[in-house]
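1. Quick one, structure for this:
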Amino acid sequence: MKTPPISDAVDHAREAAGRAASSAQDWAGSVGKNLRRTDAAKWLEAGLKIGALRTGAKVVGGFARRNPVVAVATVAGAGLIWYAARRRMHQQRALEDGSGEPIEGQARRVEARKGKGGGRNTTRRSRAEAVTPSAE
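-> Here you go, the predicted structure:
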């Protein structure tokens, strides 16, 4: 009886290992699909969240009763932060749309000049007096 060459045995072992690995991957995938979250786990998670919310509400309510000024300042600060974030979001959206781009052009500074009289207690001249030179 003639023995097959060693290369045939190695090739046969590779094919068998490949088939085994492929079937193992298929089996692991089917197990993963079957192990989904159950309804009981969802209810447990929901109950934990509700309990945490109730406990937090009790703590915040007690703190607000003892320190109303701090509570009001906190709410006002949160409102300002919310307003700033909302405004920034709208500005970013306007820039992305192209409607909020700055107007291109040139600007020049105009210096203010003091008018005649300068004080607050001066009387106003009529239009005719202001336009025509007065004979003082």
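2. so where's the protein shaky on pLDDT?
-> Along the chain, segments meeting pLDDT under 70 span 1-7, 9-10, 29-38, 99-103, 117-136.
3. those helices in it, which residues are they?
-> Counting by DSSP state H, one finds helices in the chain at the ranges 6-34, 39-66, 68-97, 127-131.
4. Could I get these in TSV, plus columns for distance to residue 106 and mean neighbour count?
-> For glycine as for every other residue, the C-beta is placed from the backbone atoms N, C-alpha and C. Formatted as TSV, these follow (distance: least, CB to CB, whole Å; neighbours: other CB atoms under 10 Å):
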stretch	distance to residue 106	mean neighbour count
helix 6-34	65	10
helix 39-66	55	10
helix 68-97	22	11
helix 127-131	33	9
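5. Dump the ones you listed into a markdown table; add distance to residue 114 as well.
-> Putting the helices of the chain into a markdown table (distance: least, CB to CB, whole Å) gives the following:
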| stretch | distance to residue 114 |
| --- | --- |
| helix 6-34 | 82 |
| helix 39-66 | 55 |
| helix 68-97 | 38 |
| helix 127-131 | 15 |
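6. Nearest to residue 112, out of these?
-> helix 127-131 (18.6 Å; CB to CB).
7. returning to what we had before: of all the helices of the chain, which one comes closest to residue 110?
-> Of all those, the one in closest proximity to residue 110, counting by CB to CB, is helix 127-131 (21.1 Å).
8. rewinding a little: and the helices of the chain: which comes nearest residue 116?
-> helix 127-131 (8.7 Å).
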